[in-house]
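Trainee: Sequence and predicted structure below; questions after.
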Amino acid sequence: MSGNDERRGGGQNKAKRGGRGQGGSDRRDEQGRQRHRGQGGGERQFGAMAPGTRSRTADPARATAFEVLRAVEENDAYANLALPAAIRRHQLDRRDAGFATELTYGALRERGRLDAILSRCIDRPLARVDAPVVDALRLGAYQLLQMRVPAHAALDATVALTRDLIGAGAGGFVNAVLRRVSERTPQEWDALVVEGAADEMEALSILTSHPAWIVRALKQSLVVHGRSAEDLPGLLAADNAAPTVNLVSLPGLGDPDALAEAGAEPSDLVPGAWLSGLGGDPGRLPGVAEGTVRVQDAGSQLVARALAAAELPQGGPDAAWLDLCAGPGGKAALLAAIAADRGAHLEANEVAPHRAQLVTQGLKAVPQDAWHIEVGDGRRYAQEAPARFDRIMLDAPCSGLGALRRRPEARWRKQPSDIPALTKLQGELLLSAFDALRPGGVLAYVTCTPHAAETLAVVEDLLHRRPQARLMDTGSVVDSVAWPDTVGATRPADAMIGSSTGSTVQLFPDAQGTDAMFMALFTRV
Ligand SMILES: C[S@@+](CC[C@H](N)C(=O)[O-])C[C@H]1O[C@@H](n2cnc3c(N)ncnc32)[C@H](O)[C@@H]1O
């Protein structure tokens, strides 16, 4: 169907009839308060805050969300970049910006479940409805099912948006479909959409809006990293909750007292990590503008600190540090600040010039004699710098399955077919990093994915190819830099990794509240 057909409200744009028709707005208000909690991290608070809906045109907050959904779909935009730009363009105040953020991120994240529900309200496949109309429907359904927006407001506003930004005919269609959506509670819809699911995994995939291959990969990652498969629903739910904003106060540069005075709270995972607190904009906290305090997940801080803290097994020099894949520079900034404190020097390498620029910006607050930037392929180090470095961070390019909560659209863009090319590159970078490590040095292999093919399989491959490689007791090192009794995600790696006596660490958002970072520390004998 063409866009013109939609604008004419063409005959194919029919909502299915039937359902339990009487569900008026009173009933929906009630349902809204009891709303499905599951994956969204608690009740939304927009009942009284939803932008006004009397107008016949799109209100700016919903128009913002619609524009971002369109940009994500049409231009492969990243929502976390497109949304702030759209909020500025529409000059949203703080309340409307909050509404637009929740609506945009929620509709993108929950696309799978919303589409399963919408499919039951339309008499043809959703793929045959015009894409802008589908986006409007997703926005409307998300408001009806996941936010405390009264049904009449969600309906009126979404129809106004559709008429204004898509076309009058499509408005009638959207109205009819959303009325059907409003006829059932979220719980009723959930029961309905999993009827006929082949198995529990498919049902989880629909209910938690994760592609089925990701559900399977996460289940496997729980099991191989020493957890129970029964934790899977909790892990998937954690992916759907908005993460708290974590900050790092760069050692020797940030001012913890000023942060505390401004309302930030210390993290209970790792010293030096802070939560922005008070629901405030982290950009306003002292040190953020200067770059001495930076937004950074606590898991990233933990692995960077662990690399810096690991004892060099044979002692010796400790001045030459390398971050092989440094862009955009989060871990490099923390490592460089620690290096500055200890009289070491960090070489931060990145293959993409624009990302290398971000590293330069990110390091601006760290004394300049403590670091420098190189731009180039990390695989050249084996030849160009054999056995040169005392400590190496390899934070490898990866599928990012451990950071899905930050990128609401990411799960729908990734494909299982992406994995083999990534594991090949990871293996090559790890070999190069290992060859650039001096005997007795320490190398960290880090990913922000728990996918076993990108974590344990890559580790095993290195141990197989380089007999001089030894897996260290990564768990103990990570525990030594965390606050006591807070990590607990380590496991002996013996079962998975032949005769190695070392261990690896896998963090998970549902357990540690961090991104699902993986870490393996190696030394070279
Ligand atoms: C996971 S990110 C690193 C994140 C970074 N350590 C931080 O904390 O901000 C991986 C980086 O590796 C870079 N990269 C990809 N292929 C590379 C290669 N062959 N050599 C060096 N860097 C590469 C990517 O451009 C990306 O910036």
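Mentor: Nice, I can see it.
Trainee: Checking W274 next. Helix, strand or coil?
Mentor: Following DSSP: H, G, I helix; E, B strand; the rest coil, W274 is assigned to strand.
Trainee: Please enumerate the helices of the stretch 251-400 of the chain.
Mentor: For the stretch 251-400 of the chain, the helices defined by DSSP state H, counting those that start in this stretch occupy 256-261, 298-309, 330-342, 353-362, 381-384.
Trainee: Of all the ones you listed, which one is nearest L161?
Mentor: helix 353-362 (34.8 Å; CB to CB). Using the backbone N, CA and C atoms, a C-beta is placed for each residue, glycine as well.
Trainee: Can you give me the buried ones in the closest one?
Mentor: 356-360, 362 (16 or more other CB atoms under 10 Å).
Trainee: Surely H90 is in contact with D59?
Mentor: No - using CB atoms under 8 Å, H90 is not in contact with D59, being 9.6 Å away.
Trainee: the more surrounded of the two?
Mentor: D59 (21 against 16; other CB atoms under 10 Å).
Trainee: Nearest spatial neighbour of that one, chain-adjacent residues omitted?
Mentor: Nearest non-adjacent residue to D59, counting by CB to CB, 6 or more residues apart in numbering: P51, 4.5 Å away.
Trainee: List the contacts of that neighbour.
Mentor: Each residue near P51 by CB atoms under 8 Å, 6 or more residues apart in numbering is listed here: 59-62, 96, 99, 157.
Trainee: And those residues, which is closest to Q146?
Mentor: Closest approach to Q146 among these (CB to CB): F99, at 12.5 Å.
Trainee: Just to check, the closest one is in contact with D59?
Mentor: No - using CB under 8 Å, F99 is not in contact with D59; the gap is 9.4 Å.
Trainee: In three-state terms, label R407 for me.
Mentor: Per three-state DSSP, R407 ends up coil.
Trainee: What residues does it make contact with?
Mentor: 78-80, 400 are the contacts of R407 under CB under 8 Å, 6+ apart.
Trainee: among these, which two are most distant?
Mentor: A79 and G400 (14.1 Å).
Trainee: So which bits of whatever helix or strand D164 lives in are buried?
Mentor: Per DSSP states H and E, D164 falls inside helix 151-165. Buried residues in helix 151-165, counted by 16+ other CB under 10 Å: 151, 153-165.
Trainee: now stretch 311-321
Mentor: Buried residues in stretch 311-321 (16+ other CB under 10 Å): 318, 320-321.
Trainee: can I get these in CSV with distance to the ligand?
Mentor: As requested, these are exported to CSV (distance: CB to the nearest ligand atom, whole Å):
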residue, distance to the ligand
D318, 21
A320, 18
W321, 13
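Trainee: so which of those residues comes closest to P84?
Mentor: W321 (33.4 Å).
Trainee: Surely that closest one touches A348?
Mentor: No - assessed by CB under 8 Å, W321 is found out of contact with A348, at 9.2 Å.
Trainee: quick one: contacts for L394?
Mentor: Applying CB under 8 Å, 6+ apart, we find L394 in contact with 324-325, 378, 429-430, 433, 443-446.
Trainee: Now, those that are in strands?
Mentor: Per DSSP state E, strands hold the following members of the contacts of L394: 443-446.
Trainee: picking up where we left off before, please name every helix or strand in contact with the helix holding D164.
Mentor: Applying 3 or more CB pairs under 8 Å, 6 or more residues apart in numbering; DSSP states H and E, we find helix 151-165 packed against helix 25-33, helix 60-75, helix 131-146, helix 168-181.
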